[in-house]
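S.K.: My questions concern the predicted model and sequence given below.
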Amino acid sequence: MKKIRRSMLFLPGANAAMLSTSFVYKPDSIMFDLEDAVSIKEKDSARLLVAQTLLLPVYREHGIETVVRINALNTPFGLKDLEAVVRAGVDVVRLPMTNSAEDIHELEAHVERIEKECGREVGSTKLMAAIESALGVVNAVSIAKASPRLIGIALAAFDYLVDMQTERGDGTELFYARCAVLHAARVAGIDAFDVVYSNVNDDEGFLKEVSLIKKLGYNGKSLINPRQIELLHNAYAPTAAEVENAQKVVEAAEEGERKGLGVISLNGKMIDAPIIARARKVIELAKYSGVRKEF
Amino acid sequence: MKIKKDAMAGTLESSDLLVKVSPNTGIEIVINSDVNKQFGDQIRTVVDQTLNDLNVTDGLIIIDDKGALDCAIKARVQCAVLRGAEEENLDWSKLL
């Protein structure tokens, strides 16, 4: 089954307590941050702490994907971060401020060299690009297609909105970027992650935003507070009615196949391949996450 | 690796530790821990192993532990030593 990535929880790389205990929140992916969440004078200590934490078996045992946001490669820290986390066995490296396919090519070349040096299987380190500028949004398709190692691209709002000379509002300000990044991900066949919702006390606003990005087609969202994980997972879980309908669709499709029918219908509606594929995904997701709870 | 100057790494927050290192003749390790009764021996083992891996034979190492896991102990000791040794070129095969 393809890895399901709805929630990507940000954790500050310098915080020992959070790093070693956050698996209990069960996000789909945990992202140790070595960039903005770490002060300049603690870059070295956070890098070591994250590297040692990656060696813990606990995240793998809980099926949680490990991601590290390294510093940009044009800083004094980026390459050192990469040396540490690739050797420590990180699942995914997240590159901030990705503006072009060349940024990914440069990252990929370094990763491959490190993999060879440390004896890690070449290609086993996956990559993720964070789009944080107008240029990155415009180049999103070429970025998303830049490497077979890419598992996803993420839109990051703060720097993007500064670049666009606007600010966070009702979502209008992110409309084009959300659509562009999502289309790029789909063209490349990789996952798309939406921006963080920073007001952790506003569940209603968070869920409204989750509803929007889910309808658009996003796989999930970057999160900054563990409280948001359950809300997000529940919002992405199919309803009992959706699961029931999906089961009927799959049963009708299987029966049609047995009878050798070319065209299948259910309750007077034609069922074609995309509908069957969608139904199978709903059933798969329900097995993984359960059905949606109504609060 | 030679500790050339006083240095420290870590914090006194819960689940973390503060490691201070100073130049010294011979190795001297002082461990203060909230969980010393249960885990004192284990902490000592991790510290000894980490110093050994870094080839530290001289230095005063003072540890204030607040219930950190082994991975945090190792990382903080490594960082304090590397800072004290003013070492920039890291040999990751010895650190991981």
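M.R.: Thanks, I have it. Residues are numbered from 1 along each chain as shown, chains lettered A, B, ... in the order given.
S.K.: Quick check: buried residues in the helix or strand that contains A:His183?
M.R.: A:His183 belongs to helix A:175-188 when assigned by DSSP states H and E. Across helix A:175-188, burial judged by 16 or more other CB atoms under 10 Å in any protein chain shown covers A:177-178, A:180-185, A:188. Bear in mind the C-beta positions are built from the backbone N, C-alpha and C, glycine included.
S.K.: What residues are bridge-paired with A:Thr66?
M.R.: Per DSSP bridges, the residues bridged to A:Thr66 are A:Ile30.
S.K.: Excluding sequence neighbours, find me the nearest residue to the closest residue to chain B within the stretch 101-250 of chain A.
M.R.: Chain B sits closest to A:Cys118 of the stretch 101-250 of chain A, with a gap of 7.2 Å, by CB to the nearest CB. Nearest residue to A:Cys118 in three dimensions, chain neighbours excluded: A:Arg87, at 4.6 Å (CB to CB, 6 or more residues apart in numbering or on different chains).
S.K.: My guess is the one you found contacts A:Ala51. True?
M.R.: Yes - between A:Arg87 and A:Ala51 there is a contact at 7.4 Å, judged by CB atoms under 8 Å.
S.K.: helices and strands around the host helix or strand of A:Val141, which ones?
M.R.: Assessed by DSSP H and E, A:Val141 sits inside helix A:140-144. Identification of packing neighbours for helix A:140-144 by 3 or more CB pairs under 8 Å, 6 or more residues apart in numbering or on different chains; DSSP states H and E yields helix A:101-118, strand A:126-131, strand A:150-155, helix A:175-188.
S.K.: Which elements pack onto the helix or strand where B:Gly40 lies?
M.R.: For B:Gly40, the host element (DSSP H and E) is helix B:36-53. Secondary-structure packing of helix B:36-53 (3+ CB pairs under 8 Å, 6+ apart): strand B:27-33, strand B:59-65, helix B:70-84.
S.K.: Is the helix or strand that the last one is followed by positioned near chain A?
M.R.: Moving toward the C-terminus from helix B:70-84, the first helix or strand encountered (DSSP H and E) is helix B:92-95. Yes - counting by CB under 8 Å from any CB of the partner chain, contacts between helix B:92-95 and chain A involve B:92-93, B:95.
S.K.: who are the neighbours of helix B:92-95, in terms of helices and strands?
M.R.: helix A:78-87.
S.K.: Could I get the average pLDDT for the helix it packs on?
M.R.: For helix A:78-87, mean pLDDT is 97.
S.K.: likewise stretch B:67-86?
M.R.: 97.
S.K.: Now do the buried residues in that stretch.
M.R.: For stretch B:67-86, the neighbour count (16+ other CB under 10 Å) marks B:67-85 as buried.
S.K.: Show me the subset of these that also lies near chain A.
M.R.: Residues of the buried residues of stretch B:67-86 in contact with chain A (CB under 8 Å from any CB): B:68-69, B:71-72, B:74-76, B:78-79, B:82-83.
S.K.: Number of residues surrounding A:Val38?
M.R.: The number of residues packed near A:Val38 is 25, by other CB atoms under 10 Å in any protein chain shown.
S.K.: residue ranges with poor pLDDT in chain B?
M.R.: Within chain B, no stretch has pLDDT under 70.
S.K.: So which residue is dead centre in it?
M.R.: B:Val77 (2.4 Å; CA atoms, centre = their mean).
S.K.: picking up where we left off before, which one of the ones next to chain A among the buried residues of stretch B:67-86 is nearest B:Ser15?
M.R.: Nearest to B:Ser15 among these is B:Ala68, at 5.7 Å by CB to CB.
S.K.: For the residue nearest to A:Cys118, give its distance to A:Ser22.
M.R.: From A:Arg87 across to A:Ser22, the span is 22 Å (CB to CB, to the nearest Å).
S.K.: Now do the contacts for A:Glu108.
M.R.: Residues in contact with A:Glu108 (CB atoms under 8 Å, 6 or more residues apart in numbering or on different chains) are A:127, A:146-147, A:149.
S.K.: nearest to B:Leu54, of those residues?
M.R.: The closest of the contacts of A:Glu108, once distances to B:Leu54 are taken by CB to CB, is A:Leu127, at 31.0 Å.
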